[in-house]
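Student: Build the 3D model from these lines:
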Amino acid sequence: MNRLYYGDNLGVLREHLATGSVDLIYLDPPFNSKRDYNLLFKSPKGATSEAQIQAFKDSWTWDAQAESEYDEVMRQKNTQVAEILRALRQFLGQNDMMAYLTMMANRLLELHRVLKPTGSLYLHCDPTASHYLKIVLDGIFGKENFRNEIIWKRTNAHNFKTKGYARAHDTIFYYTKTGDFVFNEQYTEYSGAQLGRYKPDKDGRLYKAENMTFSTSNPLRQFEWRGVRPPKNRSWGYDLETLERLWREGRILTKKDGTPRMDGLKIYLDETKGMPLSTNWTDIDRIGNTSAERLGYPTQKPLALLERIISVSSNKGDVVLDPFCGCGTAVHAAQKLGRKWIGIDITCLAVSLIEKRLKDAFRGIKFEIIGTPRDFESARDLARRDKYQFQWWAVSLVGAQPSQGKKKGADGGVDGVKYFRDVDTKGTRKLVVSVKGGESLKADDVRSLMAVRDREGADIAALISLAEQTPGMRADAASTGFHNGASGKKYQRVQLLSIGGLLAGRERLEHPDYEPNLNYKQAGEENPESQMVMEV
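Tutor: Next up is the predicted model:
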C-alpha cells in the first residue's frame, strides 16, 4: 500500500484496485468551470516573478472519448445510473456538461466497486454541476446511502465582480456504501454565545442548566418524582434510578420549596467535548496566498479539512483513496493520521509535486510511484505518447521547474529552469534545461542550447535527451568552459545528460547547491511524534 499512480484514474482503478479494498474515498475533481488553472512555482528573491505553468484545463467537450465512455455506462450492470445518464443526455444534449457528467459517472461506478461495505465517499464540488452530480451519486450509491450535504464556508468570496451574490462556499457530498459504516464523532469549540450560557457554581465550576424532560409521551417515564410530575405531553429523560443518582451527586437545581426543577440538570463545561460537528463547516479557513501551507497548486485544499474527513470516516491502518489527488493534501493527511493511502493523478507535474511534498513532510517515508518511467523503454514510451508529460517528467529528474505548458513554440528552447546559490551568495544564479524526446540528436541541438544559455543570461545550461550524445556533441559542450564555484570546484557551463544515465544514477546535473529548496515551495516537516510512518 501507499502508492502514487500516474495515469488516467479510470484505467488505474480498473487495472490496479481490487473490489472492496478501500475504506474511504475523497475526491476533489475538476468542476467543469471552463477555466485554466496554473501552478505557481517559487522564485527566489532577485529572480523574476513567480513562474507558472498550466496544471490542468477544466473544460470538457462532447467528442469520441465522451461517446465511448457513455457507451460503457450504458453496458454496465447498474441500470439505474444508466437510465439517469440517458435522461440527462436527453435533457442536456451532447454538450460540455454532458461530457463532464459521463466522465464522472464512469469513474464513480469504479469508486463504488473498490469501496468496502463499511466505506464512505466524500465528493467535493461547487454549484457548477453539484445538482447533476447528486442525481448521479444517488443512482450509483442509492439515495438511501446519502448521508449529508456538507457546506464548507470559505473565508473569501468567489466571483465578487459579477452581478449576484458572491459565492463563499463549496459543497461536499457524503455517501456510504451501506448502512453499516465507520463514523467517529468529532466536536468543535463552543461559540462565544454558547459559552455565555455557562455560569459558575459555588465552587467556581462553569455549568449550564438543561431540561430533564423530552417532548414525548412515554407512560413509563411519566411518574412522579420527589413531588414533581412531567406535563402530559412530556416524559422524564431518565429512569428513576438515574434521577436519584443525579440528585445525590448534586447535579439537579431545586426550586424554593426544595423540589427539583425539570429544567435544572447541571451540565459542567469541563465535562463536555464541545459542540458535535454539524454539516456547516465554518471553522476551517481556505489557504491564503501567503500561507506557508500553500504549495502553488491552484485548487489546493487546507490540510485541516482533509484531516477532519479522514478522522471522522476511517480508523488507523485503513486505506484512503484520492483519485484526483492534485498536490496531495489527502494523502498527506492520511499519512499524518496513520492511514494507508493511494493517490492517482493524470499529470507527471502533480505526481512530482506530491512526491516532493511527502518527502519534505515525512522524513524517511517510503512509498511506491507507479506509471512514471522507471527504465529507458518506459521513458521512450511516454515520449511517444505525450511529449509534454515527458518533458515535465524529465525536468523533474534534475529538480528543475518546468517552464512551458502545452503551447507550441512557447518555450524558446527552455523546458525547465533551476535556480541555485553559491557560498558567496551575492545573488541568485540561473540554470536552464532543454529536453529532447526524439530518437536521435543533431549537432545543432547542442549549439542551439549554447545560444539559449547566452540569451537567458544563465550560468549553466543542460540538455536532457532520450538519445545518447555523440563525442562531437560532448566536445562542443565542453568548449563553452566552466562556471567557477566559490569553493574552487568547476562546473561545466553546458552539460549533456541522457535519460538512461539519469535513471541508472550514472549522471547528474552539477551545480553549486549552497542553499537548496530554491525552486519548489516546501511543505513543513511533520512532527514524528504526531504521525505514524507507514512503510510499503
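Student: got the contact list for the most centrally placed residue in the chain?
Tutor: In the chain, the C-alpha nearest the mean C-alpha coordinate belongs to Thr329, at 3.6 Å (C-alpha atoms, centre = their mean). Taking C-beta atoms under 8 Å, 6 or more residues apart in numbering, we find Thr329 in contact with 300-303, 305-306. The way it works is simple: take the backbone N, C-alpha and C, and place the C-beta from them, glycine included.
Student: If we use 6 Å, what do you get?
Tutor: 301, 303, 306 (C-beta atoms under 6 Å, 6 or more residues apart in numbering).
Student: Buried subset of the residues you listed, written for ChimeraX?
Tutor: The ChimeraX selection below is limited to those of the contacts of Thr329 classed as buried (16 or more other C-beta atoms under 10 Å):
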select :301,303,306
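Student: can you tell me which of the contacts of Thr329 are in helices?
Tutor: 303, 306 (DSSP state H).
Student: got JSON lines for the contacts of Thr329, with pLDDT and distance to Pro471 too?
Tutor: As requested, the contacts of Thr329 are exported to JSON lines (pLDDT from 0 to 100; distance: C-beta to C-beta, whole Å):
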{"residue": "Lys301", "pLDDT": "91", "distance to Pro471": "51"}
{"residue": "Leu303", "pLDDT": "95", "distance to Pro471": "51"}
{"residue": "Leu306", "pLDDT": "97", "distance to Pro471": "53"}
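Student: which one of the contacts of Thr329 is nearest Thr118?
Tutor: The closest of the contacts of Thr329 to Thr118 turns out to be Leu306 (C-beta to C-beta; 19.8 Å).
Student: Tell me how far the closest one lies from Arg363.
Tutor: Separation of Leu306 from Arg363 (C-beta to C-beta, to the nearest Å): 21 Å.
Student: Then Ser313?
Tutor: Separation of Ser313 from Arg363 (C-beta to C-beta): 28 Å.
Student: Between those two, which is the more surrounded one?
Tutor: Taking other C-beta atoms under 10 Å, Ser313 and Arg363 do not tie; Ser313 has more neighbours (25 against 10).
Student: all helices of the stretch 251-400 of the chain, in order?
Tutor: 303-313, 329-336, 348-361, 376-385, 387-396 (DSSP state H, counting those that start in this stretch).
Student: go on, the stretch 51-200 of the chain?
Tutor: For the stretch 51-200 of the chain, the helices defined by DSSP H, counting those that start in this stretch cover 64-75, 79-92, 96-114, 130-141, 192-195.
Student: quick one: the closest residue to Thr178 other than its chain neighbours and Asn145, what's the gap?
Tutor: Counting by C-beta to C-beta, 6 or more residues apart in numbering, Thr178 lies nearest to Pro117, which is 4.9 Å off, once chain neighbours are set aside. According to C-beta to C-beta, Pro117 and Asn145 sit 11 Å apart.
Student: same question, Ser130
Tutor: According to C-beta to C-beta, Ser130 and Asn145 sit 18 Å apart.
Student: Val320 pairs with what?
Tutor: Legend: beta-bridge partners of Val320 under DSSP bridges are Leu24, Trp341.
Student: repeat for Ala209
Tutor: Beta-bridge partners for Ala209, by DSSP bridges, are Lys266.
Student: Pull the contacting residues for it.
Tutor: Going by C-beta under 6 Å, 6+ apart, Ala209 touches 253, 263-264.
Student: top of these by neighbour count?
Tutor: Highest neighbour count within those: Gly264, with 17 neighbours (other C-beta under 10 Å).
Student: which non-adjacent residue is nearest that one?
Tutor: Leu253 (3.1 Å).
Student: just to revisit the earlier point, what about Pro117 and Asn145, which has more around it?
Tutor: More crowded of Pro117 and Asn145, by other C-beta under 10 Å: Asn145, with 19 against 11.
Student: Was I right to think that one contacts Tyr175?
Tutor: Yes - the criterion here is C-beta atoms under 6 Å, and Asn145 meets it with Tyr175 at 5.4 Å.
Student: buried stuff in stretch 463-471?
Tutor: In stretch 463-471, counting by 16+ other C-beta under 10 Å, buried: 463-467, 469.
Student: scratch that, stretch 448-463 is what I was asking about
Tutor: The neighbour-count check on stretch 448-463 (16+ other C-beta under 10 Å) flags 449-450, 452-453, 456, 458-463 as buried.
Student: Just flag the most distant two among the residues you listed.
Tutor: Farthest pair in the buried residues of stretch 448-463 (C-beta to C-beta) is Asp459 and Leu463. Separation: 15.4 Å.
Student: one step back: name the stretch among the helices of the stretch 251-400 of the chain that sits most buried.
Tutor: Most buried of these by mean neighbour count (mean count of other C-beta atoms under 10 Å) is helix 329-336; its value is a mean of 27.
Student: Show me where the stretch 401-536 of the chain has its helices.
Tutor: For the stretch 401-536 of the chain, the helices defined by DSSP H, counting those that start in this stretch cover 443-456, 471-478, 499-504.
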